[in-house]
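Participant: Give the three-dimensional model of this entry:
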Amino acid sequence: MNASPSTSEHIVKSYDDELKRLTGEIQRMGDLALAQLDASIDAVMERDSDEAMKVVQADGAIDILEQEVSHDVVRLLALRQPMARDLREILAALRIAADIERIGDYAANVAKRSIVLNQSAPVQLAYALPRLARIAETLVREVLAAYHDYDADRALAAWARDEELDEQYTGLFRELLTYMMEDPRNITPCTHLLFMAKNLERIGDHATNIAENVYFLVHGQQIAQIRRKGDATATTSVAPPAV
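Facilitator: This next block holds a predicted model:
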């Protein structure tokens with residue numbers, strides 16, 4: 001007759017199972033947020049207000065998962081009293097879940113503004129949004145994969161790429177300002193496009209937050225480098241068109 005597992009082995013296995021459940025919830029959150037981002041951009045480009053509304057309504061599913069993560073984190077902290085690496089893993093999960101929830105919010109915001117945008121004539125510069133979205137989506141996918149694999153190097157590489165998204169956003173910002181100055185009728189739709197582009201840029205910022213948490217989880221220390229920002233919109237000015 002085989003001996004039953006010791007109490008300590010049972011506790012360790014139970015704890016490992018709870019951690020796996022926690023990381024699984026975060027992966028599901030990430031998958032939902034990425035799906036939201038894809039769907040919101042499709043709704044923009046197809047000028048499909050019905051699909052955009054579905055994106056807005058689906059945002060609640062991510063919120064529910066974040067609440068489950070928060071509940072699980074509190075329970076693990078109370079019952080397991082983790083230390084060192086285990087504590088970093090639980091705290092990282094809480095922070096990453098919060099960042100994913102915000103990513104979902106920004107995707108929903110893009111969809112929400114597209115509904116208003118559809119009430120105006122098509123704006124040529126809307127074509128630039130998918131380009132921003134692709135970079136943002138790549139960053140999110142990379143940091144989630146880094147979290148799943150405990151890959152600090154992959155997280156660091158994604159962290160460094162946020163500057164590319166910032167630069168693309170700054171370029172679009174300048175174009176939209178010029179477009180508005182050339183014809184006042186463009187002001188309303190271009191203003192919505194500016195906010196949508198900013199939402200995508202912010203998604204990149206939350207991806208870098210996740211990357212920083214993954215790096216800290218693996219190494220127990222913050223990234224030593226200072227993140228370079230390519231967002232120059234705060235100091236951007238555009239000359240009025242010649243008359």
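
Participant: thinking Asp162 is in contact with Thr138, fair?
Facilitator: No - using CB atoms under 8 Å, Asp162 is not in contact with Thr138; the gap is 10.7 Å. In this view, the C-beta of every residue, glycine as well, is placed from N, C-alpha and C.

Participant: These two - which one has more neighbours?
Facilitator: Set side by side, Asp162 and Thr138 show more neighbours around Asp162, with 25 against 16, by other CB atoms under 10 Å.

Participant: Check the gap between the more buried one and Ile115 for me.
Facilitator: If you measure Asp162 against Ile115 using CB to CB, to the nearest Å, the figure is 28 Å.

Participant: Can you list the residue ranges for helices in the protein?
Facilitator: In the chain, the helices defined using DSSP state H lie at 7-46, 49-80, 84-117, 128-149, 152-182, 187-219.

Participant: okay, those in CSV with mean pLDDT next?
Facilitator: Formatted as CSV, the helices of the chain follow (pLDDT from 0 to 100):
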stretch, mean pLDDT
helix 7-46, 85
helix 49-80, 92
helix 84-117, 94
helix 128-149, 95
helix 152-182, 94
helix 187-219, 95
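
Participant: what's near enough to touch Gln36?
Facilitator: 55, 58-59, 62, 104, 107-108, 111 (CB atoms under 8 Å, 6 or more residues apart in numbering).

Participant: So which of these is the closest to Ala224?
Facilitator: Ala224 has its nearest neighbour among these in Gly104, at 30.6 Å by CB to CB.

Participant: Surely that closest one touches Leu34?
Facilitator: No - with contact defined as CB under 8 Å, Gly104 does not count as touching Leu34 (9.4 Å).

Participant: Between these two, which has more neighbouring residues?
Facilitator: Under the neighbour definition other CB under 10 Å, Gly104 and Leu34 were set side by side, and Gly104 has more, 30 against 19.

Participant: and the residue nearest the centre of the chain, what does it touch?
Facilitator: When the chain is reduced to its mean C-alpha position, the closest residue under CA atoms, centre = their mean turns out to be Ile103, at 3.5 Å. With contact taken as CB under 8 Å, 6+ apart, Ile103 is in contact with 33, 37, 140, 203, 206-207.

Participant: Spatially nearest residue to it (excluding sequence neighbours)?
Facilitator: Spatial nearest neighbour of Ile103, chain neighbours left out: Ala33 (4.5 Å); criterion: CB to CB, 6 or more residues apart in numbering.

Participant: what's the answer for Leu32, then?
Facilitator: Across the structure, with CB to CB, 6+ apart as the measure, the residue nearest Leu32 apart from its sequence neighbours is Ile62 (5.1 Å).

Participant: need the contact list for the one you found.
Facilitator: 29, 32-33, 36, 100-101, 104.

Participant: Kindly report the same for Tyr150.
Facilitator: Taking CB under 8 Å, 6+ apart as the definition of contact, the neighbours of Tyr150 are 214, 217-218.

Participant: out of these, who's nearest Leu79?
Facilitator: Within those, the smallest distance to Leu79 is 20.8 Å, found for Leu217 (CB to CB).
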